[in-house]
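Sequence first, predicted model second:
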Amino acid sequence: MSNKKIFHVNRDVVLIVYCIIALVYGMLAPLASIESNGVVTLYYIAIFIFFFLVPLFIVYKAFPSVKIRQLNVSVSNSKVRIFSFLLFLSALIFLYIAVDNGVFFRRIGHEALARASLDLSIVQLIFMRLFEETAIFITMVLHILFVYSNKRKRLSKISTLFILCYLLVILTYFLINSRMQAMILILAHFCIFASFNNISRIIPKLIAMLFIAFWTVLILRGAIITENVSVSSIVSEVSSENKISNRLNGLKNIIELHEEISERGMMYGEAWRNSIMIYYYMIFDENKYNLMKTNMETTPKVLIYQHYKGRHIKDSPSSIVSDVYPNFGIIGLVISGGLIGMLLYLIKLGLNNTTNLFIFLLSLYLIPLLFQFEKELISLILMVLKYSFVLFLVYIFRPFSILRR
């Protein structure tokens, strides 16, 4: 009887969490931000649900049902210590580079940050981006290592390294001013826990942890972005966030460009040009690379606004559909929804029913990247590809082996 259910909490937990995140960006936040263009907003919410989420769900459910099998992991305690130490060392290096170069927070559209980033060497820049985007994946591998390591070791050296690594990763996300990454860290580990355990007893803790993570970074961000921090500056920071629904509005761009898109038609991939070429310029044309970074022309939404509005923007809320719809319209939404559905099924297969270590690690690797729903589609695709170097390093290191009972 249970096999006839639409959702199984344990095996479908990543899909459920992803859909909740998607609905926040694609329905709840736009509804909370409705002003004079309410009809247009409702129109795009309907398009988002029926031409992105529905195809995603159809593709996800079209694949064969996955039977949950008990996970049996063989762990080497020496590798746990080595792996933890390497993450700990990487976090320290990240913090040193960030503080030494004044790039210890990230805010898209911030000119001072862009100038400081240009002063980084290519090696420093690559290292920081690799660590920032893959640290959650590494902590998820540690999660598996810690749970399946020798029980007598859990409360001694291994657990100490484990806790220190987590604290350092949380600290890095605090310093780079990323509430999104802090919450994804919690959600990703919740998914791992829920895949192998009964989640009813952890849901209240999850809600509390998300609330604390969000408001801690929100309230204390003043210590990062202002020179003089006081009670009044913290109150000001909190007050300025009363429009958080605007920041989470993943449909804002296409709502604002509705008339222009209808009149001028689609861009057919032109909005992705800079996102791809920036990596070529980074290696072969430093002047062009620096110019694009200085002018904040590295994301699709900049080119989209230039094309339709004839004006330059530095920052704007976005989501996975922000570049898909102006490029390819409804067809693009359907294809991207199907692509995400395939990736979510791959995650489900890897977590619940595989003896292949690489597929299992790939599932862990994809979860925090997919949860970054505010990233545009081309950014998501490039993230999966360019940070896969870390995935292959972990696979070569083989921190554990998998057997299924």
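Received it, and whenever you're ready, just let me know what you need.

so which helix or strand takes in Q372?
Using DSSP states H and E, Q372 sits within no helix or strand.

typed the wrong thing, it's N246
According to DSSP H and E, N246 maps onto helix 244-247.

Following the chain onward from that helix, which element is next?
Toward the C-terminal end, the helix or strand that comes next after helix 244-247 (DSSP H and E) is helix 252-256.

chain center to that next one, what's the gap?
21 Å (Cα atoms, centre = their mean, to the nearest Å).

One more: stretch 10-28?
Put simply, stretch 10-28 sits 13 Å off its chain's centre (Cα atoms, centre = their mean).

Mind listing what's buried along that stretch?
Applying a neighbour-count criterion of 16 or more other Cβ atoms under 10 Å, one finds 10-15, 17-19, 21-27 buried in stretch 10-28. The way it works is simple: take the backbone N, C-alpha and C, and place the C-beta from them, glycine included.

what's the first-to-last distance across that stretch?
25 Å (Cα to Cα, to the nearest Å).

mean confidence score for that stretch?
Across stretch 10-28, pLDDT averages out at 92.

what do you get for stretch 378-388?
Mean pLDDT, computed over stretch 378-388, is 92.

quick one, helices of the stretch 301-405 of the chain?
Counting by DSSP state H, counting those that start in this stretch, one finds helices in the stretch 301-405 of the chain at the ranges 324-352, 357-370, 377-386, 388-397.

Does anything pack onto the longest one? Which helices or strands?
It stands for helix 324-352. Applying 3 or more Cβ pairs under 8 Å, 6 or more residues apart in numbering; DSSP states H and E, we find helix 324-352 packed against helix 13-23, helix 38-48, helix 54-62, helix 179-196, helix 252-256, helix 300-309, helix 357-370.

who touches Y43 in this structure?
Y43 sits next to H258 when contact means Cβ atoms under 8 Å, 6 or more residues apart in numbering.

So the nearest residue to Q306 once chain neighbours are set aside versus N295, what's the distance?
Excluding the flanking residues, the one nearest Q306 by Cβ to Cβ, 6 or more residues apart in numbering is H312, at 6.2 Å. As judged by Cβ to Cβ, to the nearest Å, H312 and N295 stand 8 Å apart.

Kindly report the same for Y60.
According to Cβ to Cβ, Y60 stands 39 Å off from N295.

Neighbour count: the two, which is higher?
Each of Y60 and N295 has its neighbours counted (other Cβ atoms under 10 Å); Y60 has more, 21 against 14.

Just give the closest residue to the more buried one, not the sequence neighbours.
Nearest residue to Y60, sequence neighbours excluded (Cβ to Cβ, 6+ apart): G341, at 4.0 Å.

isn't the one you found right next to L53, touching?
No - between G341 and L53 there is no contact under Cβ atoms under 8 Å: 9.4 Å.

So for these two, which sits in the more crowded spot?
A count of neighbours by other Cβ under 10 Å puts G341 above the other of G341 and L53, at 24 against 20.

who's in contact with that one?
Here G341 is in contact with 55-60 (Cβ under 8 Å, 6+ apart).

Apply 6 Å and report the result again.
Counting by Cβ atoms under 6 Å, 6 or more residues apart in numbering, G341 makes contact with 56, 59-60.

if I look at S78, how far off is P399?
Distance, S78 to P399, using Cβ to Cβ: 10 Å.

For the two, indicate the residue with more neighbours.
Applying other Cβ under 10 Å to S78 and P399 shows that P399 carries more neighbours, namely 21 against 8.

Got the confidence number for that one?
We have a pLDDT of 84 for P399.

No more questions from me, cheers.
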